[in-house]
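In: fold the following for me, if possible:
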Amino acid sequence: NYACRVERLVVNGCLVPLDRPCVAVIDTGTTGLSVSEDLYDSGILPVPVREAQIEMRTERGGVAVLEASVRRRRRPYPGV
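Out: A predicted model of the protein is given here:
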């Protein structure tokens, strides 16, 4: 597992205004999303969550983006 401070959170294409520090815990074995009850109940999180982008700072000051989506990848041709 890894943890990082979230610089920006975009859910369903909408920037989520974060009024306090937000931490993402990344677990490569997890295929879901968990959020705090406070954030979920705040009304600022677009639900249902269909896609999300988390932006974080790297050690060298750059920006890394993690993305997740519930969209299924379509095959290029029927039957392939």
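
In: who's R8 bridged to?
Out: Note on R8: beta-bridge partners by DSSP bridges are E55.

In: now do the contacts for it.
Out: L15, L18, Q53, I54, E55 (C-beta atoms under 8 Å, 6 or more residues apart in numbering). No exception for glycine: its C-beta is placed from N, CA and C like everyone else's.

In: so where do the strands sit in this protein?
Out: 2-5, 8-11, 14-15, 23-26, 51-57, 63-69 (DSSP state E).

In: packing partners for the shortest one?
Out: Packed against strand 14-15 by the contact rule (3 or more C-beta pairs under 8 Å, 6 or more residues apart in numbering; DSSP states H and E) you find no helix or strand.

In: show me what it pairs with in its sheet, parallel or antiparallel.
Out: Partners of strand 14-15 in the sheet, by DSSP bridges, are strand 8-11 (antiparallel).

In: how about the strands of the chain in JSON lines, adding distance to Y40 and mean pLDDT?
Out: Converted to JSON lines, the strands of the chain look like this (distance: least, C-beta to C-beta, whole Å; pLDDT from 0 to 100):
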{"stretch": "strand 2-5", "distance to Y40": "19", "mean pLDDT": "89"}
{"stretch": "strand 8-11", "distance to Y40": "11", "mean pLDDT": "95"}
{"stretch": "strand 14-15", "distance to Y40": "15", "mean pLDDT": "96"}
{"stretch": "strand 23-26", "distance to Y40": "15", "mean pLDDT": "88"}
{"stretch": "strand 51-57", "distance to Y40": "13", "mean pLDDT": "93"}
{"stretch": "strand 63-69", "distance to Y40": "17", "mean pLDDT": "90"}
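
In: could I get those as a markdown table with distance to L45?
Out: A markdown table is the format used below for the strands of the chain (distance: least, C-beta to C-beta, whole Å):
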| stretch | distance to L45 |
| --- | --- |
| strand 2-5 | 18 |
| strand 8-11 | 6 |
| strand 14-15 | 9 |
| strand 23-26 | 14 |
| strand 51-57 | 10 |
| strand 63-69 | 15 |
